[in-house]
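S.K.: Kindly return the folded structure for what I paste below:
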Amino acid sequence: MPRKGMRTLFFHNNSLMSPSSSIPSSPSHTQTSSPSYCHTRPSSPLHLSFSESIMDGNIATAEAIITKWNPDSSSYAKYTSLFYEDRGEAREFLRVVKDLQRSLHFYINQNSSSQKLIHAQTLMQTAMKRLEKEFYQILATNRDHLDPESVSARSSTTTRSSVSDYEDDLGSEDEIQIAGNSIQEVEREASVAMLDLRAIADCMISSGYGRECVNIFRNIRKSIVEEAIYRLGFQRISSKLIQKLDWEVLEHKIKNWMKVMKIAVKTLFYSERILCDHVFGASNSIKESCFSAIAKEAATHLFKFPEIVTKCKKSPEKMFRFLDLYDTISELWPDIESIFSYESTSTVRSQAINSLIKLSEGVRTMLAEFESAIQKDSSRSRVPGGGLHPLNRYVMNYLCFLGDYSEILTDIFSDYPLQVQSPSLVQSPLPEALLENSTTENNPLTAISTRLEWLIFVLLCKLNRKAEHYKDVGLSYLFLANSLQYVVSKVCGCNLRYILGDDWISKHELKVHQYTESYVQVGWRKVTATTLLQNPTAEMEPQMVKERFQEFNSAFEVVYRVQSGWIVPDGKLRDEIKVSVATKIVPAYRVFYEKYRVLLGGESSDLVRFSPEDLENYLSDMFQGNGVSGSGSGSVSVSVSISGSSLQSQGSQ
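M.R.: Model prediction:
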């Protein structure tokens, strides 16, 4: 896009830079247009003579100070800074240049070819050479003072809106002292430098030397911006190279980019925009083209990094870094949109948006792969004692992390409704209530809550199939109770609680209770079905009493031996199951025990192996996984394969 106003001649006072004008290619160019403040052509010789005398005086006054500060005329002028050495004389220098400009206009309007016009032009060229030198020196020597923090602080102070007089632009010593009292010393230096740069820029642009001024500013500031980004630790990287990097290396680069991005947008580019707007505030076209030339390339490369990252091989464990990248750009988008609001910097905004689009596509792809990996998990191993399957741990830990990105995920999936593409899941033997809970018919859910609820449903379907691998039906129900209890506890302990809602939690807590009841009913059927417990108050002969005790003892010992190695990791659930089992056994046993123990007399020590307190003690020791478990629940080494990587869930609770 062509830069506006870079080839313009500026001699207007009310509009120091007009996009329709053109800057001369060299200082010797003298074609001008009449300024609004210039006198009209004199209508009488007397008037002409009077005006000439004023213009001649302007030239003479200008010659004295311009010659003094001509860098080619003396070593003093060559090595001394006008603005640093004598600020009062610097203000005078700008004033006489303004008057010299009026004289030039006067003689041009007279169509004069006199030596006065040539002399005035020569003086103007000398003055511009001096100001060009001063402009460069101020920029070069104030690199530290014009740092982002100082410029940003300077922007918070009151800036004068009227800059028609160069003396006001430069600022008086009193004004500078007031500014110094309100901000820190380094910020004071930044304020002084910015005022000086603005005054020189206005003077050079209005005198037709805008190109030279802009080139100096652009070259110095662009190098500063690029150096700052490099020092922050960001280096450009190609798509080919990024695909060759180990994930650990790339992850480090991503973390570093997020830090660099926040500093670059909030401080570096922001302050550079402020500096351009201030120094070239007299012309919208110049400040736009200048800022674009300084920041556009660096910002584009910086904002392109996330897009390049999306070209790496995708896997579910990388999703969180994609979400971090997305979050960083989204958080900074208002600043990006404001700082790069110019039409000439629209490509920077487009690059940021394109990176968001590519990251969104990557996240959607990886979540689909994550779901597919759960469905395709083919491990047929049985977790010892019906404990937690590693797949359960891995998936729920993963989903809990996803819950922390709910707002970002909602944004990414808002226009992508859930599509169920697995008929096998719909036909799953899992109770229909779970499938109903995955719909939004009764309780409208956000896009991401529906999707996360569905992923949990997919997990539960897979765990239900794994429960079928246990030969003991009671152990299958215990495995399902453990699995669902873990899911519910993980949901309650993270942001998923607020995403899925209390209704979802209540329904699944009820399902846990149903599983435990089924376990107690099936797993302890041999014990609860004994005649002793079925009718503990029935009248019977001593021989029959002996048989009832023997029947109970045998049944309890078998069940206890089988289940002594079964596991219930959740303490609350473990206590609930123990209470449920004890409630169905101990009270009835106590009644029978107290009624017939005396009847047996001396034989009671051989036949009555358990007192009610013994039963309670045995039950209290269960579900710790300390015993030897039966029913095919022997120890196996289990791992979960997600997208080709073996992920151990040990230590993930």
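
S.K.: The closest residue to residue 286 other than its chain neighbours: how many residues sit nearby?
M.R.: Residue nearest to residue 286 in three dimensions, not counting chain neighbours: residue 280, with 4.5 Å by C-beta to C-beta, 6 or more residues apart in numbering. In this view, the C-beta of every residue, glycine as well, is placed from N, C-alpha and C. Residues lying near residue 280 (other C-beta atoms under 10 Å) number 28.

S.K.: got it, and residue 397?
M.R.: By other C-beta under 10 Å, the residues close to residue 397 number 16.

S.K.: Distance of the residue located most distally from the centre of the chain relative to residue 486?
M.R.: Using C-alpha atoms, centre = their mean, the residue of the chain lying farthest from its centre is residue 541. It sits 79.6 Å away. Taking C-beta to C-beta, to the nearest Å as the measure, residue 541 falls 50 Å from residue 486.

S.K.: can you check residue 544 too?
M.R.: From residue 544 to residue 486 the distance is 46 Å (C-beta to C-beta).

S.K.: When the two are compared, which one has more neighbours?
M.R.: Between residue 544 and residue 486, counted using other C-beta under 10 Å, residue 486 has the larger neighbour count: 22 against 13.

S.K.: so what's that one scoring on pLDDT?
M.R.: Note on residue 486: pLDDT of 97.

S.K.: Was I right to think it contacts residue 396?
M.R.: Yes: contact criterion C-beta atoms under 8 Å: residue 486 and residue 396 qualify, at 6.6 Å.

S.K.: Which element, helix or strand, includes the closest residue in space to residue 71 that isn't next to it in sequence?
M.R.: Among residues not flanking residue 71 along the chain, residue 78 sits closest, at 4.5 Å (C-beta to C-beta, 6+ apart). In this structure, residue 78 sits in helix 75-79 according to DSSP states H and E.

S.K.: Do a quick rundown of the helices in the stretch 451-600 of the chain.
M.R.: Along the stretch 451-600 of the chain, the stretches classed as helices by DSSP state H, counting those that start in this stretch are 473-492, 496-523, 525-528, 531-534, 542-563, 571-600.

S.K.: quick one: low-confidence ranges for the stretch 551-653 of the chain?
M.R.: Along the stretch 551-653 of the chain, segments meeting pLDDT under 70 span 600-606, 625-653.

S.K.: how about low-confidence regions in the stretch 1-150 of the chain?
M.R.: By pLDDT under 70, the low-scoring segments of the stretch 1-150 of the chain are 1-50, 52, 111-113, 145, 147-150.

S.K.: could you pull out the helices for it?
M.R.: Ranges of helices within the stretch 1-150 of the chain are 45-68, 75-79, 82-85, 87-109, 115-141, 148-155, based on DSSP H, counting those that start in this stretch.

S.K.: need those helices in a markdown table with distance to residue 382 and mean neighbour count, can you?
M.R.: A markdown table is the format used below for those (distance: least, C-beta to C-beta, whole Å; neighbours: other C-beta atoms under 10 Å):
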| stretch | distance to residue 382 | mean neighbour count |
| --- | --- | --- |
| helix 45-68 | 95 | 15 |
| helix 75-79 | 88 | 11 |
| helix 82-85 | 83 | 18 |
| helix 87-109 | 87 | 20 |
| helix 115-141 | 74 | 19 |
| helix 148-155 | 61 | 20 |
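
S.K.: In a markdown table: the ones you listed, plus distance to residue 617.
M.R.: Output for the helices of the stretch 1-150 of the chain, formatted as a markdown table (distance: least, C-beta to C-beta, whole Å):
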| stretch | distance to residue 617 |
| --- | --- |
| helix 45-68 | 107 |
| helix 75-79 | 99 |
| helix 82-85 | 92 |
| helix 87-109 | 95 |
| helix 115-141 | 86 |
| helix 148-155 | 70 |
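
S.K.: before we move on, back to that, reformat the helices of the stretch 451-600 of the chain as JSON lines; add distance to residue 208.
M.R.: Shown next, in JSON lines, are the helices of the stretch 451-600 of the chain (distance: least, C-beta to C-beta, whole Å):
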{"stretch": "helix 473-492", "distance to residue 208": "71"}
{"stretch": "helix 496-523", "distance to residue 208": "64"}
{"stretch": "helix 525-528", "distance to residue 208": "103"}
{"stretch": "helix 531-534", "distance to residue 208": "109"}
{"stretch": "helix 542-563", "distance to residue 208": "97"}
{"stretch": "helix 571-600", "distance to residue 208": "84"}
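
S.K.: Return the most buried member of the ones you listed.
M.R.: Comparing these by mean neighbour count (mean count of other C-beta atoms under 10 Å), helix 473-492 ranks first with a mean of 24.

S.K.: Now that helix - C-alpha only, CSV.
M.R.: What follows is helix 473-492, C-alpha atoms only, in CSV (Å, rounded to 0.1, in the frame of the first residue of the first chain):
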residue,chain,number,x,y,z
VAL,A,473,-20.7,-59.4,38.4
GLY,A,474,-20.4,-57.9,41.9
LEU,A,475,-16.9,-56.7,41.0
SER,A,476,-18.2,-55.2,37.7
TYR,A,477,-20.7,-53.1,39.7
LEU,A,478,-18.0,-52.0,42.1
PHE,A,479,-15.8,-51.0,39.2
LEU,A,480,-18.6,-48.9,37.8
ALA,A,481,-19.3,-47.3,41.1
ASN,A,482,-15.6,-46.5,41.6
SER,A,483,-15.4,-45.1,38.1
LEU,A,484,-18.4,-42.9,38.2
GLN,A,485,-17.6,-41.7,41.7
TYR,A,486,-14.2,-40.6,40.5
VAL,A,487,-15.8,-38.8,37.6
VAL,A,488,-18.2,-37.0,39.8
SER,A,489,-15.6,-36.0,42.4
LYS,A,490,-13.3,-34.6,39.7
VAL,A,491,-16.2,-32.6,38.3
CYS,A,492,-17.0,-31.2,41.7
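
S.K.: how far out from the middle of the chain is it?
M.R.: Distance of helix 473-492 from its chain centroid, counting by C-alpha atoms, centre = their mean, to the nearest Å, is 35 Å.

S.K.: which helices and strands sit right next to that helix?
M.R.: Packing contacts for helix 473-492, counted by 3 or more C-beta pairs under 8 Å, 6 or more residues apart in numbering; DSSP states H and E, involve helix 390-403, helix 447-467, helix 496-523, helix 571-600.

S.K.: Now render those helices as JSON lines, adding distance to residue 274.
M.R.: Output for those, formatted as JSON lines (distance: least, C-beta to C-beta, whole Å):
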{"stretch": "helix 390-403", "distance to residue 274": "39"}
{"stretch": "helix 447-467", "distance to residue 274": "38"}
{"stretch": "helix 496-523", "distance to residue 274": "40"}
{"stretch": "helix 571-600", "distance to residue 274": "58"}
